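> give me the fold of what follows.
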Amino acid sequence: MMPTQRTLWPYAIIATFVLFAGYIGFMVQRAMRTTVDLVSPDYYQQELRYQQRMESVARTAALPAPVQVQYEPARQRLTLTLPPALAGQPVRGQVHFFRPSDQKLDFTLPFAPSGERPAQQLSTSRLQAGYWRLRLDFEAGGQQYFLEKELSIN
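This is a model prediction of the structure:
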């Protein structure tokens, strides 16, 4: 009589299915215990601030003349000039210098232009050479305005 050969294939297939089912069960259990916070607690306030910012950007774009940002590398000076339509109105705000490559270099200055054509000059001697973003956030005549410009300091 010849001995019967036993094959291991059925056991391997069953073991593969059992391991796969165990892995899927483990992943489902892990996914069920993970907390997913898609909405921040102050979502409504954030949405209102975002909407106000978009209105400020639109209001700035609708000015009769643009807000001018002039950089003079030789004098290390930046001049921010408001349009004549805002002359005679009290203006207050902030100028944010934002360096995308190094957060430690970011800083904010007060914005208080003066003169017949409201303007303010800022020294750029403290700015390191490279790419900067200038964010001008100001209020004039009870209205908020916002402008963002890119600067390349030499």
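> which regions of this structure lie under the pLDDT threshold?
Counting by pLDDT under 70, the chain shows low-confidence ranges at 1-2, 37-39.
> strands of that one, residue ranges please.
For the chain, the strands defined by DSSP state E occupy 68-72, 77-81, 91-98, 107-111, 119-123, 130-140, 143-153.
> and of those, who's closest to residue 32?
Proximity to residue 32 (C-beta to C-beta) singles out strand 91-98 among these, at 40.9 Å. For the C-beta atoms, the positions are set from N, CA and C on the backbone; glycine is no exception.
> from the chain's centre, how far out does that closest one sit?
Relative to the mean C-alpha coordinate of its chain, strand 91-98 is positioned 16 Å out (C-alpha atoms, centre = their mean, to the nearest Å).
> neighbouring strands - and their directions - for it?
Strand 91-98 has the following sheet partners, assigned by DSSP bridges: strand 107-111 (antiparallel), strand 130-140 (antiparallel).
> looking at the strands of the chain, which is nearest to residue 22?
When those are ranked by distance to residue 22, counting by C-beta to C-beta, first place goes to strand 91-98 at 50.4 Å.
> got the contact list for that closest one?
80, 82, 105-113, 118, 122, 127, 132-140, 145 (C-beta atoms under 8 Å, 6 or more residues apart in numbering).
> okay, now residue 49: neighbour count?
11 (other C-beta atoms under 10 Å).
> separation between it and residue 96?
Using C-beta to C-beta, to the nearest Å, we find residue 49 at a distance of 15 Å from residue 96.
> ok, now residue 67?
14 Å.
> the more surrounded of these two?
Using other C-beta under 10 Å as the criterion, residue 67 and residue 96 rank with residue 67 on top: 20 against 16.
> any idea how far residue 135 is from residue 109?
Distance from residue 109 to residue 135, by C-beta to C-beta: 11 Å.
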